[in-house]
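J.: Whatever this is, show me its structure:
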Amino acid sequence: MKTNIETNVKRNVLVTVGGLFFIGLLTMGISTFGNRMNFIYTAQAQEETKSDADEILLPSRNFDCSNATLAGRYAFIGDGFVPGGPPPAPMVPFATVGILTLDGRGNLSDKATVSNNGQISQNVNPGTYTVNADCTGTMTITIPGLPFQLTFNLVVADLQTGRSKEFYFIGTTPSVVTHTAKRIQ
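T.: Numbers count the residues shown, from 1 in each chain. The predicted model follows:
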């Protein structure tokens, strides 16, 4: 009987130790696998960061923009809020779609369909623009009927062979109007 009890105790101890050993190995394996995965993700992230830093430190091309960068016809859309009239008029919803024609020398015209607080109008408005060497710039459109000027900051977005296929602009007059313009072929 004592032998039977000793055998059962030894077996239980052996099973318990074996089970703990197995759980330890399993935990270590999962931990190692997880660390390897973390190492892989960390290495990938470091490589991506390195390539991003390389692009920042070593620019692949020089900016060389001018008014001639934006020349031709560009389709545009925009929306936001604009003054509903002369100050102190409240801001009203605004949306527009149209064609900007830029002459490459700093002059433009915009032919637009506008929804201003639900009132639809079609306008052709004159304006000017300036593109800096760093591919940023400004644009002013004169609205003769009201009369007032809309001013914008712009950024050339797609520069190929000295001409831009796309640029973005945002209103800097008291409004929240953003626009995207794409060159019409």
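J.: Look up how far P87 lies from L70.
T.: As for L70, its distance to P87 is 31 Å (criterion: Cβ to Cβ, to the nearest Å). In this view, the C-beta of every residue, glycine as well, is placed from N, C-alpha and C.
J.: So between these two, which is more surrounded?
T.: Legend: neighbour count by other Cβ atoms under 10 Å for L70 and P87, higher for L70 (27 against 7).
J.: Nearest residue to that one in space, ignoring adjacent ones along the chain?
T.: Distance criterion Cβ to Cβ, 6 or more residues apart in numbering; nearest residue to L70, sequence neighbours excluded, is L102 at 4.7 Å.
J.: Around the one you found, how many other residues sit close by?
T.: Using other Cβ under 10 Å as the criterion, L102 is surrounded by 27 other residues.
J.: if we look at stretch 93-102, which residues are touching it?
T.: The list of residues contacting stretch 93-102 from outside it, by Cβ atoms under 8 Å, 6 or more residues apart in numbering, reads 70-82, 108-118, 129, 175, 177, 179, 181, 184.
J.: CA-only coordinates of that stretch in PDB, if you can.
T.: As requested, C-alpha coordinates have been extracted for stretch 93-102 and formatted as PDB (Å, rounded to 0.1, in the frame of the first residue of the first chain):
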ATOM      1  CA  PRO A  93     -23.300  77.700 -47.200                       C
ATOM      2  CA  PHE A  94     -21.400  77.900 -50.500                       C
ATOM      3  CA  ALA A  95     -20.600  75.400 -53.300                       C
ATOM      4  CA  THR A  96     -19.000  76.000 -56.700                       C
ATOM      5  CA  VAL A  97     -17.900  74.100 -59.800                       C
ATOM      6  CA  GLY A  98     -16.300  75.600 -62.800                       C
ATOM      7  CA  ILE A  99     -13.200  76.200 -64.900                       C
ATOM      8  CA  LEU A 100     -10.200  78.400 -64.100                       C
ATOM      9  CA  THR A 101      -8.200  79.600 -67.000                       C
ATOM     10  CA  LEU A 102      -4.700  80.600 -66.100                       C
END
